[in-house]
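S.K.: Structure of the sequence below:
(2 chains)
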Amino acid sequence: MYLNFGVPLALSIIAIGFVALMLGLQKLLAPQNPYDRKLTPYECGEPPTGRAWINFNVRFYLIALIFVVFEVEIAFVYPIAAVYLEWVRSGRRLYALSEMLIFLLILFVGLVYVWVKHDLEWIKKVPVED
Amino acid sequence: MQTLIQNLIASGAFGKNPPRDLVAAIVVFVMSLVVFLAIALPFAGIVTWVERRVWARIQSRVGPNRVGPQGFLQWLADGVKIVCKEDIVPDEADARLFKLAPFLVMLAFTLPWAVMPFSSSLILADLNVGILYMTAVTALTVVGVLMAGWASNNKWSLIGGVRSAAQIVSYEIPAGLSIFPVVLMTGTLSMQGIIRGQGWAPQHWFLFANPFTFVAANILYMSSLAEANRTPFDLPEAESELVAGFATEYSGWRYACFSMAEWGNLFIIGAIITTLFLGGWQFPHVTNNVVAMNVLELITFSVKVLFLVFLSMWIRATLPRVRIDQLMTACWKYFVPISFVNMIGTAVWVAIWPDGNVAMGYIMFAGAIALGAIFIQRVIYYLRRSQMEVYLNPTI
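M.R.: Next comes the predicted model:
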């Protein structure tokens, strides 16, 4: 078993080593001539106006939040999906099916909730309070 | 792998009574290095040239054809050139994160090769969580991309990075849900186990197992294209709006890491679809020679994967880009609910026919052939109507 999981370790060492090796090669071959103008952030040739680290559009964070809920649920469905066939084969069809359906129902209610709350809409109408 | 190590020790290649763990570590490392250097890197390079040639032919151009025969060595020339470029780290960037991001993206491209099932014996590690591992490590890209976008301290990079992150995480959901129908039918997460659950003939593929898996395969392919930032979902690096998206400030080898991972991911997408739905390396048992069988299986697998890679190039050359709200609507309001239906449908199907329904396979396959025939007929009809000259020779 440890042999199998050694492969990802070996591959990550190879990937990091490869990138580092090529960066070293670049250091040897490439010219190094930095000056102020070259090191400014690219903004279509104009001098940059302010920094880019600003408060960003909140919609992207909403999507990320919804994602977290779903992804965690999906991670929990994997074990059930893996043993599902075994349960069916051993004659516990209804049990397996209802187990699966309950799990998916919870997930689906989550989807319906965010849908009804209009969080899936890209342009969201917010009620204006007086 | 286990038997290979035992054979090596028995043959005395490492001397008498070598330390077992050391031999195992060396073999694992060398095999991983072979897969990385002999398959992953050349594919990521050559596919850039192939893609440019394919687009060129589709758009009635010639494409790169100067370096080597038919421009075959273009990718090497590009590689050499890019290493000779100055490495620029902007003054105001967060230098540490800026330098770390290419490593993460490269990791996300390299790690999936561990469970790539090339043939019945050619696989680096047949992990029992294979497909879960695959989805987990490919999702590393989003961290690298977001890091690159944020650390550059450039407005284009920031918009590109955040867009990319939102897109990748959204399409994770339908992609993840579309894997479940296959897991339900095989009861295993191992890549080889899933392939062994299918047959070599198309009617035994999971693509045609029932209507739900057919839809799931299509959703998985589209979601994977979106996760790989391919047109029509290439908003994060939309050249006409965002310069180069999250990679705007990168140059030289650090930039090459991003583009290499992007093109190399095409093979990984193709391999996931092939394994789950297209029967993987399954080939009729024509010979008892293990080596010959493995070569045939390797060819089968490669042909299927390369067809899917070609399909993605075709899509990229044909379709226009979508808008971000369309992208999100398509994902959350169409793909996710349909994926739920797929999963429930397959669960019911498996509960009724645990061993699969062979008749359905034949019906679905016949339907697919009919669809293909209609498609070809329409293409011929429009070609005749437009009275265009057709050049079928790809080497013009």
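S.K.: Next one: the most centrally placed residue in chain B from chain A, what distance?
M.R.: Taking C-alpha atoms, centre = their mean, the centroid of chain B lies closest to B:Ile269, which sits 1.9 Å from it. The gap separating B:Ile269 from chain A is 18 Å, by C-beta to the nearest C-beta, to the nearest Å. Just so you know, the C-beta spots here come from the backbone N, C-alpha and C atoms, and that holds for glycine as well.
S.K.: Am I right that that residue is in contact with B:Ser224?
M.R.: Yes: with contact defined as C-beta atoms under 8 Å, B:Ile269 and B:Ser224 form a contacting pair (4.2 Å).
S.K.: ok so, going back, and the residue nearest to the centre of chain B, which helix or strand is it part of?
M.R.: Per DSSP states H and E, B:Ile269 falls inside helix B:252-277.
S.K.: Centre of the chain to that helix, how far?
M.R.: Relative to its chain's centre, helix B:252-277 lies at 5 Å (C-alpha atoms, centre = their mean, to the nearest Å).
S.K.: moving C-terminal of that helix, what's the next helix or strand?
M.R.: Next element after helix B:252-277 (DSSP H and E): helix B:290-318.
S.K.: can you tell me the average pLDDT over the helix or strand following that next one?
M.R.: Using DSSP H and E, the next helix or strand after helix B:290-318 towards the C-terminus is helix B:324-329. Here helix B:324-329 scores 83 as its mean pLDDT.
S.K.: same for the very next helix or strand once past helix B:324-329, what does it pack against?
M.R.: Using DSSP H and E, the helix or strand that directly follows helix B:324-329 along the chain is helix B:336-352. Applying 3 or more C-beta pairs under 8 Å, 6 or more residues apart in numbering or on different chains; DSSP states H and E, one finds that helix B:336-352 contacts helix A:58-89, helix A:93-116, helix B:155-186, helix B:211-227.
S.K.: Check which residues of helix B:336-352 are buried.
M.R.: The neighbour-count check on helix B:336-352 (16 or more other C-beta atoms under 10 Å in any protein chain shown) flags B:336-340, B:342-351 as buried.
S.K.: For the residue in the stretch 151-300 of chain B that chain A sits nearest to, which non-adjacent residue is closest in space?
M.R.: For the stretch 151-300 of chain B and chain A, the shortest gap (C-beta to the nearest C-beta) falls at B:Gly187, measuring 3.2 Å. Leaving aside its chain neighbours, B:Gly187 sits nearest to A:Leu85 (3.2 Å; criterion: C-beta to C-beta, 6 or more residues apart in numbering or on different chains).
S.K.: so the one you found makes contact with B:Val182?
M.R.: No: with contacts counted by C-beta under 8 Å, A:Leu85 stays clear of B:Val182, the gap being 11.1 Å.
S.K.: Compare neighbour counts for these two and give me the winner.
M.R.: Higher neighbour count among A:Leu85 and B:Val182: B:Val182, with 26 against 21, using other C-beta atoms under 10 Å in any protein chain shown.
S.K.: quick one: pLDDT of that one?
M.R.: pLDDT, B:Val182: 90.
S.K.: contacting residues for it?
M.R.: B:131, B:194, B:206, B:213, B:216, B:276-277 (C-beta atoms under 8 Å, 6 or more residues apart in numbering or on different chains).
S.K.: can you redo the residues you listed as JSON lines with pLDDT and neighbour count?
M.R.: Below are those laid out as JSON lines (pLDDT from 0 to 100; neighbours: other C-beta atoms under 10 Å in any protein chain shown):
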{"residue": "B:Ile131", "pLDDT": "89", "neighbour count": "25"}
{"residue": "B:Ile194", "pLDDT": "89", "neighbour count": "25"}
{"residue": "B:Phe206", "pLDDT": "87", "neighbour count": "27"}
{"residue": "B:Thr213", "pLDDT": "89", "neighbour count": "26"}
{"residue": "B:Ala216", "pLDDT": "91", "neighbour count": "31"}
{"residue": "B:Leu276", "pLDDT": "90", "neighbour count": "28"}
{"residue": "B:Phe277", "pLDDT": "89", "neighbour count": "26"}
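S.K.: For the nearest residue to A:Leu101 once chain neighbours are set aside, give its distance to A:Leu97.
M.R.: Nearest non-adjacent residue to A:Leu101, counting by C-beta to C-beta, 6+ apart: B:Ile344, 6.8 Å away. Using C-beta to C-beta, to the nearest Å, we find B:Ile344 at a distance of 9 Å from A:Leu97.
S.K.: Output the below-cut-off pLDDT ranges for chain B.
M.R.: B:1-2, B:12-17, B:236-240, B:394-396 (pLDDT under 70).
S.K.: Could you look up the SS state of B:Asn393?
M.R.: Put simply, B:Asn393 is coil when judged by DSSP: H, G, I helix; E, B strand; the rest coil.
S.K.: What is the burial count for it?
M.R.: 6.
S.K.: So which residues on the stretch 151-300 of chain B come close to chain A?
M.R.: Residues of the stretch 151-300 of chain B lying close to chain A by C-beta under 8 Å from any C-beta of the partner chain are B:152-158, B:162-163, B:165-166, B:169-170, B:172-173, B:176-177, B:180, B:183-189, B:243, B:248-249, B:252-254, B:256-257.
S.K.: and what of the stretch 1-150 of chain B?
M.R.: Residues of the stretch 1-150 of chain B lying near chain A (C-beta under 8 Å from any C-beta): B:1-2, B:5, B:24-25, B:28-29, B:31-33, B:36, B:83-93, B:102-103, B:106-107, B:109-111, B:113-114, B:124-127, B:132-133, B:137, B:150.
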